[in-house]
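> After the sequence you'll find the predicted model.
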Amino acid sequence: EPPNIDITAVEPSGTMRSQRSSGLKPAIDAVAEDLPFADNTFDASMSIFSIHQWKDLRKGLAQMRRVTQGKVILMSCLPSKVCEYWLYDYAPQILEIEAKPFPSKEKIEDGLNQKVNSIQVPIPLNCSDGFNEAYYGRPERLLNKEARQSCSSWSFVDSRLADEYVSNLKNDIDSGEWDLRYGNLRQDDFYLGSLYLFVTI
């Protein structure tokens, strides 16, 4: 959070609120669907990778629009792009599960009652966050159980099926088949995948 901007953070998780840096203002205990602020309180508002977890997307988006004078900005995944990633060749059910909760651009516009621009977010090769596309040029990372556990979609399939997916990927990495098909990604500084910013027009 930029120190030169007056920011109000909202976080419904007590655990996450307690982990905020001591140099930041405490986060407000609230949910997107019921924001405790007057109309047009903020110059802009942003949600970072959370809209797929809301209980009521339409209500949450309407609340963001209500309390915001200017732009509403949402970082999320475009579900139609999730299964275009190379991992789909090895773990199709994982990516189908991953894609399901993310709302389409049309649903976002419907909830905001406003058109949005969709802007792809470049994912860096050495991305430190743990999600499937973060390893686009480092497939070996997905052989690591801890790396997979940071992607919740892996926990929703039978463990034997997950093991089969990992085994198939390992075999192709060891044989060089993965590099024959996708090795160019190891040199790409950024990857344009399913991660997007949706910005009101």
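In hand now; what should we look at? Quantities reported herein were computed from a predicted structural model and do not represent experimental measurements. Numbers count the residues shown, from 1 in each chain.
> would you put the C-alpha positions of the strand or helix carrying Ser80 in PDB?
For Ser80, the enclosing helix or strand under DSSP states H and E is helix 79-82. In PDB, the C-alpha atoms belonging to helix 79-82 read as follows (Å, rounded to 0.1, in the frame of the first residue of the first chain):
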ATOM      1  CA  PRO A  79     -12.200 -18.000 -16.800                       C
ATOM      2  CA  SER A  80     -12.200 -18.500 -20.600                       C
ATOM      3  CA  LYS A  81      -8.400 -18.100 -20.500                       C
ATOM      4  CA  VAL A  82      -7.500 -20.400 -17.600                       C
END
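> Report the buried residues of the helix or strand that it is followed by.
Remark: after helix 79-82, the chain's next helix or strand is helix 92-99, criterion DSSP H and E. By neighbour count on 16 or more other CB atoms under 10 Å, the buried set for helix 92-99 is 94-95, 97-99. For every residue, glycine as well, the C-beta is placed using N, CA and C.
> got these as JSON lines, with pLDDT columns?
Shown next, in JSON lines, are the buried residues of helix 92-99 (pLDDT from 0 to 100):
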{"residue": "Ile94", "pLDDT": "96"}
{"residue": "Leu95", "pLDDT": "96"}
{"residue": "Ile97", "pLDDT": "94"}
{"residue": "Glu98", "pLDDT": "94"}
{"residue": "Ala99", "pLDDT": "95"}
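> Out of those, which is nearest to Thr15?
Relative to Thr15, the closest of the buried residues of helix 92-99 is Glu98; by CB to CB it sits at 23.3 Å.
> for the residue nearest to the closest one when sequence neighbours are not counted, what are its contacts?
In space, and not counting its chain neighbours, Glu98 is closest to Ser153: 3.9 Å by CB to CB, 6 or more residues apart in numbering. Ser153 makes contacts with 94-95, 97-98, 132, as judged by CB atoms under 8 Å, 6 or more residues apart in numbering.
> Residue most distant from the centroid, the chain?
Distance from the centre of the chain peaks at Ser175, with 31.6 Å (CA atoms, centre = their mean).
> Tell me the predicted confidence for that one.
With respect to pLDDT, Ser175 has a value of 97.
> Which elements pack onto the helix holding Ser80?
In terms of contacts (3 or more CB pairs under 8 Å, 6 or more residues apart in numbering; DSSP states H and E), helix 79-82 is packed against helix 92-99.
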